[in-house]
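S.K.: Sequence first, then the predicted structure:
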There are 4 protein chains.
Amino acid sequence: MTEFADPLLLINFKTYLESTGKRAVELSKKVETVGKNEGVRVAVAPQFCDIEKVAASVDISVYAQHIDAVSPGAYTGHVLAESVKAAGADGTLINHSERQVLLRDVEKAVERARSAGLMTVVCAGTSRLAAAASLSEPDMVAIEPPELIGSGRAVSKENPEIVKDSVRRIRMVNPNVRILCGAGISTGDDVYAALQLGSQGVLVASGVVKAPKPEDVVADFCKAVRKLG
Amino acid sequence: MTEFADPLLLINFKTYLESTGKRAVELSKKVETVGKNEGVRVAVAPQFCDIEKVAASVDISVYAQHIDAVSPGAYTGHVLAESVKAAGADGTLINHSERQVLLRDVEKAVERARSAGLMTVVCAGTSRLAAAASLSEPDMVAIEPPELIGSGRAVSKENPEIVKDSVRRIRMVNPNVRILCGAGISTGDDVYAALQLGSQGVLVASGVVKAPKPEDVVADFCKAVRKLG
Amino acid sequence: MTEFADPLLLINFKTYLESTGKRAVELSKKVETVGKNEGVRVAVAPQFCDIEKVAASVDISVYAQHIDAVSPGAYTGHVLAESVKAAGADGTLINHSERQVLLRDVEKAVERARSAGLMTVVCAGTSRLAAAASLSEPDMVAIEPPELIGSGRAVSKENPEIVKDSVRRIRMVNPNVRILCGAGISTGDDVYAALQLGSQGVLVASGVVKAPKPEDVVADFCKAVRKLG
Amino acid sequence: MTEFADPLLLINFKTYLESTGKRAVELSKKVETVGKNEGVRVAVAPQFCDIEKVAASVDISVYAQHIDAVSPGAYTGHVLAESVKAAGADGTLINHSERQVLLRDVEKAVERARSAGLMTVVCAGTSRLAAAASLSEPDMVAIEPPELIGSGRAVSKENPEIVKDSVRRIRMVNPNVRILCGAGISTGDDVYAALQLGSQGVLVASGVVKAPKPEDVVADFCKAVRKLG
């Protein structure tokens, strides 16, 4: 991954009504437009049922919010990597704080995703777990202290030490993985601080999705990214 | 539900590659065509990512294979009833043997589905659990002994007692719920036996999806249904 | 069960330090003494590691807080009914709000407990689920609305309807099961109200365990029971 | 840990009837006697309900098979580190293949155990996960390929590469953790091979517990250890 010079803004749509169905497509288009205007790399993670129409509507990367560590077969109700890929997704989150998986399934899910041609972002709530997650060789790890998720208090300002410590611990065992940070990110300053601390992107949800004008928030984020450029 | 005279053939696509992506649409169209030709009520349950394009391609009912017992909000990676509905689904399975839920979530998921305008099929592996499930007042319950699922040995022939006992126990506590049975159903005879035992439809997966000519199997099923008419 | 005339006070020790190790034995002795003095049936549910020494120290019934729905075999870290019984337990809770199980495991766990000679108390958070649980034919069901657990606001006063509705729904499908209620019970008045509503006992935890003088609280409860006698 | 010169034989009692209740005590005494006679370090991991009486009967280390990642409080049915410690345990397994935990709970459980004064053995099924587990700084990690557990085919002979690879990966990130290996170990030769591959002990269950004469198997294991001395 040589694109570290090119930070990533990944917007997680969660299961908010504001980002469900047609509104997932509308929001994705807004995110795409701002990203293109600002020349910043942006991506979205809509719900499973919305992946295909979002992927068909925008040119930015689309991520699933989760896949199950299962192979094709008799797994009713599970999320198969191949299905997510066929719908047009480019990657997937794994082990988000709101959809945690067994230690074992971190590795299995990364392997399933890679085998289906999906990028992987493994989330972790502590710096040691972020380093542990990076041993499964995902494309990215995202450090998100669960107590700050959705809090409006940005990890990069409330707990800069956890970001720095994560970067240090992850780099000791994996020089290549892209490091994102998230939780509470809601302003350009939060993004700027996150990148200053050594992360190569942010994972954000309510800060954008629940904003009165999501496009303004994303634009603010993009300006922060360019300030660093 | 006064349509008990009108048995339902519900085809669960599971996470088989044979029923993923475009193949989900193709299979759904075949099922629809046979159902219409034979005048029998058929429905399909594709994977989440395939719901929207399947629903846009056919006129038969489309079911999700699972929903989570969550409301709109911060539930990354979960399956929201409203999202499934927005994609065009008419209903959902709940508590399939391969995606079991907590006792508590049976009721919550039925409520979430109803609130979003989805029909509900709660699955259970024993006759007592099927009766217990019917107390949450879903639209349908499906009795599927887990040891026969995918076995090719039909529940309606291998274990007719469990179907009869389920019908008896369910009717003691819920006169209105439609009763399906499933597990190992692969021929018209299996379907005929299932209906004879008092069920009002079948839930079937590999028997159709993995067949060399799924349309022939569905046609065979439909003829069995009409034999009873 | 003809002993309905004889209400049960079941004290759940949870994983409070106040009721761990030697303190589990001391608390159990206090509960026993008050119960005997007052002529009221009392029982305790200590942690797994404490069952044997509690059972060896008192003459009242001892319950496990949970068992797993597994048979003897290769189930490292699970709680085997036979092990709980061998330690001297008389029964077990199943599906407590803090240790919920799959719909399927309600029935399996009741069967495993019965097979090992243990009494069963299946917990449920709503009246419909309590009725559903009673179809698995446990010895008792306990209705505990999760939002009131540990709240200090007693179910029998805050939400008497749920107790009455549970009694009604349960009795429609199971005339024999003993009905307990719990959540927020902390005074004799709460116990009195619970019994007035048609329950045959209470399940209580912090109201006793966290009290400065647990024996006084239990005595207060016992007086409420006798008032009804 | 400077006692690496002193390999550990850790016998997991699982939930076998042969090692439940009084038989847990008898088996532990046999293990202790052989260990003392042979001058080899042995330990046992009985079920929760048996910890106290086993710990009171033998002088060897006693391990729980699991603890939950919870603090003292309202966690009905959970296994509290402090409770296990109060019963006399010296340590605990975490994340055994039969009782797996979330990525997050690996770290939490190690912290809870340490805080209660318990040694920790985190199990993992692959070499990368074993390395990941070692980042949480447990006292020991145990590599156990799940497909060989209970198979009678020893990991140290069937899959020596996984043991070597685990040792290599673990030592890159943690020089101090003791490395055990397990799965299918049933003869002294298996133990000898395991130690030759760089592990500092073995985790064994059915190979001892289900043997007609467990003491003979343990003696055979001990001789293999001494051969290396």
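M.R.: Happy to help now that I have it.

S.K.: Tell me how far the longest helix that chain A contains lies from the chain's centre.
M.R.: Using DSSP state H to assign secondary structure, the helix with the most residues in chain A is helix A:22-38. Shown here is helix A:22-38, whose average C-alpha point lies 16 Å from the average C-alpha point of the whole chain (CA atoms, centre = their mean, to the nearest Å).

S.K.: Output it as PDB - backbone C-alpha positions only.
M.R.: The C-alpha coordinates for helix A:22-38 follow below in PDB (Å, rounded to 0.1, in the frame of the first residue of the first chain):
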ATOM      1  CA  LYS A  22     -32.900   5.600  -1.300                       C
ATOM      2  CA  ARG A  23     -31.400   7.900   1.200                       C
ATOM      3  CA  ALA A  24     -28.300   5.700   1.200                       C
ATOM      4  CA  VAL A  25     -27.900   6.400  -2.500                       C
ATOM      5  CA  GLU A  26     -28.500  10.200  -2.100                       C
ATOM      6  CA  LEU A  27     -26.000  10.400   0.800                       C
ATOM      7  CA  SER A  28     -23.400   8.400  -1.200                       C
ATOM      8  CA  LYS A  29     -23.700  10.800  -4.100                       C
ATOM      9  CA  LYS A  30     -23.200  13.800  -1.900                       C
ATOM     10  CA  VAL A  31     -20.200  12.200  -0.300                       C
ATOM     11  CA  GLU A  32     -18.800  11.400  -3.800                       C
ATOM     12  CA  THR A  33     -19.400  14.900  -5.100                       C
ATOM     13  CA  VAL A  34     -17.600  16.500  -2.200                       C
ATOM     14  CA  GLY A  35     -14.700  14.000  -2.400                       C
ATOM     15  CA  LYS A  36     -14.200  14.700  -6.100                       C
ATOM     16  CA  ASN A  37     -14.500  18.400  -5.700                       C
ATOM     17  CA  GLU A  38     -12.000  18.400  -2.900                       C
END
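
S.K.: what helices or strands is the helix or strand of chain A with the lowest mean pLDDT leaning on?
M.R.: Considering only helices and strands, the least confidently modelled element of chain A by mean pLDDT, DSSP states H and E is helix A:155-158, at a mean of 84. Packing contacts for helix A:155-158, counted by 3 or more CB pairs under 8 Å, 6 or more residues apart in numbering or on different chains; DSSP states H and E, involve helix A:160-173, strand A:178-182, helix A:188-196. All C-beta atoms are positioned from the backbone trio N, CA, C, and that covers glycine.

S.K.: Of those, which stretch is the most buried?
M.R.: Stretch with highest mean neighbour count among these: strand A:178-182 (a mean of 26; mean count of other CB atoms under 10 Å in any protein chain shown).

S.K.: now that strand against helix A:188-196, angle please.
M.R.: Interaxial angle of strand A:178-182 relative to helix A:188-196 (axes from the mean of the first three to the mean of the last three CA atoms, to 10 degrees): 150 degrees.

S.K.: so residue A:93 sits in a strand?
M.R.: Yes: when classified by DSSP: H, G, I helix; E, B strand; the rest coil, residue A:93 is found to be part of a strand.

S.K.: Could you count how many residues lie near it?
M.R.: Look at residue A:93: counted by other CB atoms under 10 Å in any protein chain shown, it has 26 neighbours.

S.K.: still on that earlier bit, close to chain B, is the longest helix of chain A?
M.R.: Yes: taking CB under 8 Å from any CB of the partner chain as the criterion, helix A:22-38 and chain B are in contact, through residue A:22.

S.K.: can you give me the angle the next helix or strand after that helix makes with helix A:22-38?
M.R.: Toward the C-terminus, helix A:22-38 is succeeded by strand A:41-45 as the next helix or strand (DSSP states H and E). Using the same axes, to 10 degrees, one finds that strand A:41-45 and helix A:22-38 are set 170 degrees apart in direction.

S.K.: mind checking how far strand A:41-45 is from the chain centre?
M.R.: Taking CA atoms, centre = their mean, one finds the center of strand A:41-45 at 8 Å from the center of the full chain.

S.K.: Which neighbours in the sheet does that strand have, and how are they oriented?
M.R.: Strand pairing for strand A:41-45, using DSSP bridges, gives strand A:8-12 (parallel), strand A:61-64 (parallel).

S.K.: Could you give me the buried positions within the longest helix of chain A?
M.R.: A:23-25, A:27-35, A:38 (16 or more other CB atoms under 10 Å in any protein chain shown).

S.K.: got JSON lines for those, with pLDDT too?
M.R.: Rendered in JSON lines, the data for those read as follows (pLDDT from 0 to 100):
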{"residue": "A:23", "pLDDT": "98"}
{"residue": "A:24", "pLDDT": "98"}
{"residue": "A:25", "pLDDT": "98"}
{"residue": "A:27", "pLDDT": "98"}
{"residue": "A:28", "pLDDT": "98"}
{"residue": "A:29", "pLDDT": "98"}
{"residue": "A:30", "pLDDT": "98"}
{"residue": "A:31", "pLDDT": "98"}
{"residue": "A:32", "pLDDT": "98"}
{"residue": "A:33", "pLDDT": "98"}
{"residue": "A:34", "pLDDT": "97"}
{"residue": "A:35", "pLDDT": "97"}
{"residue": "A:38", "pLDDT": "95"}
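
S.K.: Give me the residues contacting stretch A:72-82.
M.R.: Under the contact criterion CB atoms under 8 Å, 6 or more residues apart in numbering or on different chains, stretch A:72-82 has outside partners A:48, A:64, A:66-68, A:70-71, A:92, A:109, A:112-113, A:115-116, A:118, B:12, B:14-17, B:20-21, B:47-49, B:65-66, B:93, B:96-99, B:149-150, B:205-206.

S.K.: Let me have the helices and strands packed on helix A:155-158 in JSON lines, extended by distance to residue B:187 and mean pLDDT.
M.R.: Converted to JSON lines, the helices and strands packed on helix A:155-158 look like this (distance: least, CB to CB, whole Å; pLDDT from 0 to 100):
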{"stretch": "helix A:160-173", "distance to residue B:187": "55", "mean pLDDT": "93"}
{"stretch": "strand A:178-182", "distance to residue B:187": "52", "mean pLDDT": "94"}
{"stretch": "helix A:188-196", "distance to residue B:187": "60", "mean pLDDT": "93"}
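
S.K.: Check what contacts the least confident helix or strand of chain A and list those residues.
M.R.: When contacts are taken as CB under 8 Å, 6+ apart, the neighbours of helix A:155-158 outside the stretch itself are A:143-145, A:148, A:162-163, A:181-185, A:189-191, A:193-194, A:196-197, A:199.

S.K.: chain center to that helix, what's the gap?
M.R.: The chain centroid and the centroid of helix A:155-158 are separated by 17 Å under CA atoms, centre = their mean.

S.K.: how close does the residue of chain A positioned farthest from its centre get to residue B:183?
M.R.: Of all residues in chain A, residue A:74 sits farthest from the chain's C-alpha centroid, using CA atoms, centre = their mean; the distance is 28.9 Å. The gap separating residue A:74 from residue B:183 is 11 Å, by CB to CB, to the nearest Å.

S.K.: which residues are common contacts for these two?
M.R.: Contact with both residue A:74 and residue B:183 is made by residues B:149-150, according to CB under 8 Å, 6+ apart.

S.K.: Tell me how far stretch A:188-202 lies from the chain's centre.
M.R.: Distance, centroid of stretch A:188-202 to centroid of chain: 14 Å (CA atoms, centre = their mean).

S.K.: how long is that stretch from one end to the other?
M.R.: 11 Å (CA to CA, to the nearest Å).

S.K.: again with stretch A:83-99
M.R.: 19 Å.

S.K.: So for it, mean pLDDT?
M.R.: With pLDDT averaged residue by residue, stretch A:83-99 scores 98.
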